[in-house]
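Asker: 3D model of this:
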Amino acid sequence: MAKRIEKRNEITRMTIGSFNPDELKSFVRDGLVAMTLPDREEFIQTLQAEVREVNIRLSSYLVPLGIPGRSPNDLTPTEVGHLVRYLKINVPQAMPGVERALARYPLFMSKLGDPGHRLAA
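Answerer: Numbers count the residues shown, from 1 in each chain. I've put the predicted structure just below:
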């Protein structure tokens, strides 16, 4: 059982890690749009906790990105996607945390296997 979970996490990292920044932005945005508001807020809190483990505070990137200085919980799906895109390009040490946060939500993992997703094949 542990090997299966390990293998799934490895596949998830490889697949999400292979997204270019714009694909990752769209992937995150589309997933968040499909979530309920409470699930979306929970995901953002999970994302914050995961990247905080490598001493990254999401709130410190909001104003430089042109996102009004609010708390990350107030972000729209597009703003979260934009933030994740920025992290992919400029803060690569945050990506393991982003990948772990995405892997915790079945909605994102099911989108990886979606035949309509161009990277699924």
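Asker: By mean pLDDT, point me to the weakest helix or strand of this protein.
Answerer: None of the helices or strands of the chain scores lower by mean pLDDT, DSSP states H and E than helix 2-17, at a mean of 52.
Asker: Which helix or strand lies directly C-terminal to that helix?
Answerer: helix 21-34 (DSSP states H and E).
Asker: Mind checking the pLDDT average for that following helix?
Answerer: Averaged across helix 21-34, pLDDT comes to 94.
Asker: What's the first helix or strand after that helix?
Answerer: Criterion used, DSSP H and E; the element after helix 21-34 is helix 37-52.
Asker: who does the next helix or strand after that following helix touch, helix- and strand-wise?
Answerer: Next helix or strand after helix 37-52 toward the C-terminus (DSSP H and E): helix 77-90. Packing partners of helix 77-90 (3 or more CB pairs under 8 Å, 6 or more residues apart in numbering; DSSP states H and E): helix 21-34, helix 37-52, helix 95-103. Yep, even glycine has a C-beta here, placed from its N, CA and C like the rest.
Asker: From the chain's centroid, how far away is the very next helix or strand once past the last one?
Answerer: Using DSSP H and E, the helix or strand that follows helix 95-103 towards the C-terminus is helix 106-112. Averaging C-alpha coordinates over helix 106-112 and over its chain gives two centres that are 11 Å apart (CA atoms, centre = their mean, to the nearest Å).
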